[in-house]
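> coords please:
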Amino acid sequence: MAKRKRLTPLETGPQSSEPAAALETKSMFTASRRAAPIADVAAGAAASAALEELSERWEAARREGKLVLELPLEQIEMTHLVRDRIAEDPEEAQALRDSLRARGQQTPIEVVALPGRAAYGLLSGWRRCRALAALRDETGEARFGTVQALLRRPEDGHAAYVAMIEENEIRANLSHYERARIVVKAAERGVFASEKSALATLFASVPRARRSKINSFIAIVKSLDRALRFPEALSERAGLELAQQLRDRPGLAREIAQALKATPPADAAAEREILTCCMAAKPVSEPAPIQSQTPEVEPKPAPETLAQWPGLTLRRRGSRLEIDGPGADAELGADLAAWLSARFGG
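Numbering: from 1, shown residues only. Predicted coordinates for the structure are as follows:
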């Protein structure tokens, strides 16, 4: 068999001491890729725009009250508004504390930023703040030292009070006395020009009949707010009767205040008994007027009661019809005039 001969490369010059160059490959002729400058600029601009848009949306959500904030309880000013709720039911308060302890806060409160201060005025959520403060003092746990809140921006004082009223009308069963009291206090603070304006604005969404009853309780608030100890326990029927007697007997408010001061009631039932006794007592008769020498006038016929509703009585006196009571307001007068006009074609 013939032998194979090994071939060696031809040397054209003296052997170089430098290592031979590496073999050429396809990659040697491929230029290294890099992003075009315009693409870098576009990507950076898009990222910056997206971040700016996100920041604007975040701030807008915060301003519009759509962002839940976690605030220290110390920064919440509980007395920013005159509260509509006078007393807190112990059983309801305990149930709320038990819920917060087991499940945490489920519904944010509503606050408004106070200008120039690191504090927030409370609009709604008074009971939740009190419950969290009680749990913090009881347990010492940090989770009860903060409250979740929505930052509101009411246009004026009217809107702030309306926010509180609407929240409590949904969540809490306020008494007529408590509703009337917030009307009186809001008018006293100058938030509204008058009690009538406050009543119409704060309770614009409630039925007219309920507004009429709240209006009747305003007289009780103005006459006995400092004397009564359990006014929120005053029932609707008892309150309307008391309001009527306060109008008919100018000295009744003073008699009730003196009786409550002489025998301070221990509970709502005792206070109700004192009120009943004062209303049942006959008013002190005034001295008989001096009879004049003029001929006696024929006495007017006794009125006949035709119908009676809470806060409203319809009587007939001879050929006259009389409507009396706290429900006989301007709205009822307008409705009655429209009905008579339609009936008699006037």
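
> could you check the pLDDT of Ser175?
Per-residue pLDDT puts Ser175 at 85.

> spatially nearest residue to it (excluding sequence neighbours)?
In this structure, Ser175 finds its nearest non-sequential neighbour in Glu232, 4.6 Å apart by C-beta to C-beta, 6 or more residues apart in numbering. C-beta coordinates here come from the backbone N, C-alpha and C atoms, glycine included.

> same question for Ala113.
Tyr120 (5.9 Å).

> ok, Arg237 next?
The shortest distance from Arg237 to any non-neighbouring residue, by C-beta to C-beta, 6+ apart, is to Pro310 (6.8 Å).

> repeat that for Glu304.
Excluding the flanking residues, the one nearest Glu304 by C-beta to C-beta, 6+ apart is Arg316, at 4.7 Å.

> does the one you found touch Ala307 like I think?
No: using C-beta atoms under 8 Å, Arg316 is not in contact with Ala307; the gap is 10.1 Å.

> these two: which is more packed in?
Taking other C-beta atoms under 10 Å, Arg316 and Ala307 do not tie; Arg316 has more neighbours (13 against 9).

> dihedrals phi and psi, the more buried one?
Backbone torsions of Arg316, given as degrees, to the nearest 10, read phi -120, psi 130.

> measure it to Leu306 for me?
Noted for Arg316: a distance of 6 Å to Leu306, by C-beta to C-beta, to the nearest Å.

> could I get the full set of helices for the stretch 51-200 of the chain?
For the stretch 51-200 of the chain, the helices defined by DSSP state H, counting those that start in this stretch cover 90-103, 126-139, 157-171, 176-188, 195-202.

> and the pLDDT for Gln75?
93.

> identify the residue nearest it in space, chain neighbours excluded?
Closest residue to Gln75 apart from its sequence neighbours, by C-beta to C-beta, 6+ apart: Ala119 at 5.1 Å.

> quick one: contacts for that neighbour?
Gln75, Ile76, Glu77 (C-beta atoms under 8 Å, 6 or more residues apart in numbering).

> name the member of these with the most neighbours.
That'd be Ile76 among the contacts of Ala119, by other C-beta under 10 Å, with 22 neighbours.

> what bridges to it?
Note on Ile76: beta-bridge partners Tyr120, judged by DSSP bridges.

> over to Glu322?
Note on Glu322: beta-bridge partners Arg315, judged by DSSP bridges.

> surely it and Pro303 touch.
Yes: Glu322 is within contact range of Pro303, at 6.6 Å (criterion: C-beta under 8 Å).

> overlap in contacts of those two?
When contacts are counted by C-beta under 8 Å, 6+ apart, the set common to Glu322 and Pro303 consists of Arg315, Arg316.

> so what pLDDT did the residue nearest to Glu304 get?
Per-residue pLDDT puts Arg316 at 82.

> for Ala243, what are its contacts?
Counting by C-beta under 8 Å, 6+ apart, Ala243 has contacts Ser216, Phe217, Ala219, Ile220, Gly311, Pro326.

> same thing with Leu332?
Counting by C-beta under 8 Å, 6+ apart, Leu332 touches Ser212, Leu312, Ile323.

> how about the helices in the stretch 201-346 of the chain?
Counting by DSSP H, counting those that start in this stretch, the helices of the stretch 201-346 of the chain are 208-224, 236-248, 252-262, 268-280, 330-344.
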